[in-house]
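Peer 1: Pasting the sequence and the predicted coordinates here, then a few questions.
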Amino acid sequence: MTIELHGVAFSYANDATKSLLNIDHWSVARGERVLVHGPSGSGKSTLLNVMGGLLTCNVGEVTLLGERLDTMNARQRDQFRANHVGYVFQRFNLVPYLNAIENIELASTFAAGKQRSSVREEATDLLHSLNVIPSDWSKPTSHLSMGQQQRVAIARALINTPEILIADEPTSSLDAENRDNFLRLLLGLVAEKNTTLVFVSHDLAIAQYFTRVQALSEFNQEHC
Ligand SMILES: Nc1ncnc2c1ncn2[C@@H]1O[C@H](COP(=O)(O)OP(=O)(O)O)[C@@H](O)[C@H]1O
Ligand SMILES: [Mg+2]
């Protein structure tokens, strides 16, 4: 299994009386493209943060690619994430005054063992395959449209060829046409690289793009 959660419980410190996450067992196999849906506030972002090692669970085991994230220290988790996990966020989180290439290169500086020249070549390959035209590569990303910014964000998330891609409602600020373009491009790249994808959204209209669709409430016993 690429992702395995066992006996995971998580609560925020200011609300420790109830566990927001209570997951007995949940796993994702290599190459699966999973959509986890649930209403706003149900814990989707929290799940992704626990899975990506940005938050640590109170109890339980989080295993990615056979490695226990929950027993790593913060530095080891950061390094593991830089090498193996890509993130796409709802609001892109691009550095607004840097251009597309600079944003992508920045992501690669945290990962191990890549030459700068090969990063630039891969960045331009990714931008080409995501239909971002070369004249837009050198503009500050704040000057690009939402749809373009979100495609740059995919390129940034994939530059280190992560085995796992995590996407937190990246389509919710896009209109239907941009949303469908984004999903076609993303799912195409993910399939080509056999990346394991966990995508969360409240929007079930996008279910057709995924190999597995699950409500968070199916495997999360809330408020235990
Ligand atoms: N940093 C935080 N500290 C305290 N509570 C939080 C924090 N982040 C989220 N929450 C609460 O946890 C619940 C789940 O949030 P979240 O995981 O963001 O849900 P979703 O992504 O499904 O909208 C919400 O009630 C939210 O208010
Ligand atoms: Mg969220």
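Peer 2: Thanks, I have the structure now. Ligands and ions are numbered 1, 2, ... in the order given.
Peer 1: hey, C-alpha coordinates of the helix or strand hosting residue 117 in CSV?
Peer 2: Element membership for residue 117 (DSSP states H and E) is helix 116-129. What follows is the C-alpha trace of helix 116-129 in CSV, where atoms were taken according to Å, rounded to 0.1, in the frame of the first residue of the first chain:
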residue,chain,number,x,y,z
ARG,A,116,19.3,23.0,-11.6
SER,A,117,19.4,22.7,-15.4
SER,A,118,17.4,19.5,-15.4
VAL,A,119,14.8,21.2,-13.1
ARG,A,120,14.3,24.0,-15.6
GLU,A,121,13.9,21.5,-18.4
GLU,A,122,11.4,19.5,-16.5
ALA,A,123,9.6,22.7,-15.5
THR,A,124,9.2,23.8,-19.1
ASP,A,125,8.1,20.3,-20.1
LEU,A,126,5.4,20.4,-17.4
LEU,A,127,4.2,23.9,-18.4
HIS,A,128,4.0,22.8,-22.0
SER,A,129,2.0,19.7,-21.2
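Peer 1: Now find how far off-centre it is within its chain.
Peer 2: On the basis of Cα atoms, centre = their mean, to the nearest Å, helix 116-129 sits 20 Å off its chain's mean C-alpha point.
Peer 1: Equivalent analysis for stretch 144-161, please.
Peer 2: On the basis of Cα atoms, centre = their mean, stretch 144-161 is displaced by 12 Å from the centre of the chain it belongs to.
Peer 1: hmm, back to that, list the helices and strands the next helix-or-strand element following the helix holding residue 117 packs on?
Peer 2: Note on helix 116-129: by DSSP H and E, the next helix or strand toward the C-terminus is helix 146-158. Contacts defined by 3 or more Cβ pairs under 8 Å, 6 or more residues apart in numbering; DSSP states H and E place helix 146-158 against strand 85-88, helix 100-108, helix 116-129, strand 164-168, helix 176-193. Just so you know, the C-beta spots here come from the backbone N, C-alpha and C atoms, and that holds for glycine as well.
Peer 1: Please repeat the previous calculation with a cut-off of 7 Å.
Peer 2: Packing contacts for helix 146-158, counted by 3 or more Cβ pairs under 7 Å, 6 or more residues apart in numbering; DSSP states H and E, involve strand 85-88, helix 100-108, helix 116-129, helix 176-193.
Peer 1: In the chain, which residue sits nearest ligand 2?
Peer 2: Residue nearest to ligand 2 within the chain: residue 45 (3.2 Å; Cβ to the ion).
Peer 1: Show the pLDDT at that residue.
Peer 2: Residue 45 carries a pLDDT score of 96 in this model.
Peer 1: how about the residues of this structure near ligand 2?
Peer 2: Counting by Cβ under 5 Å from the ion, the residues of the chain lying close to ligand 2 are 44-45.
Peer 1: what residues does the chain put near ligand 1?
Peer 2: Listed as neighbours of ligand 1 in the chain under the rule Cβ under 6 Å from any ligand atom: 12, 14, 20, 38, 40-46.
Peer 1: Turn the helices and strands packed on helix 146-158 into TSV, including mean neighbour count, mean pLDDT and distance to residue 156.
Peer 2: Below are the helices and strands packed on helix 146-158 laid out as TSV (neighbours: other Cβ atoms under 10 Å; pLDDT from 0 to 100; distance: least, Cβ to Cβ, whole Å):
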stretch	mean neighbour count	mean pLDDT	distance to residue 156
strand 85-88	24	93	8
helix 100-108	20	93	5
helix 116-129	15	90	9
helix 176-193	16	92	13
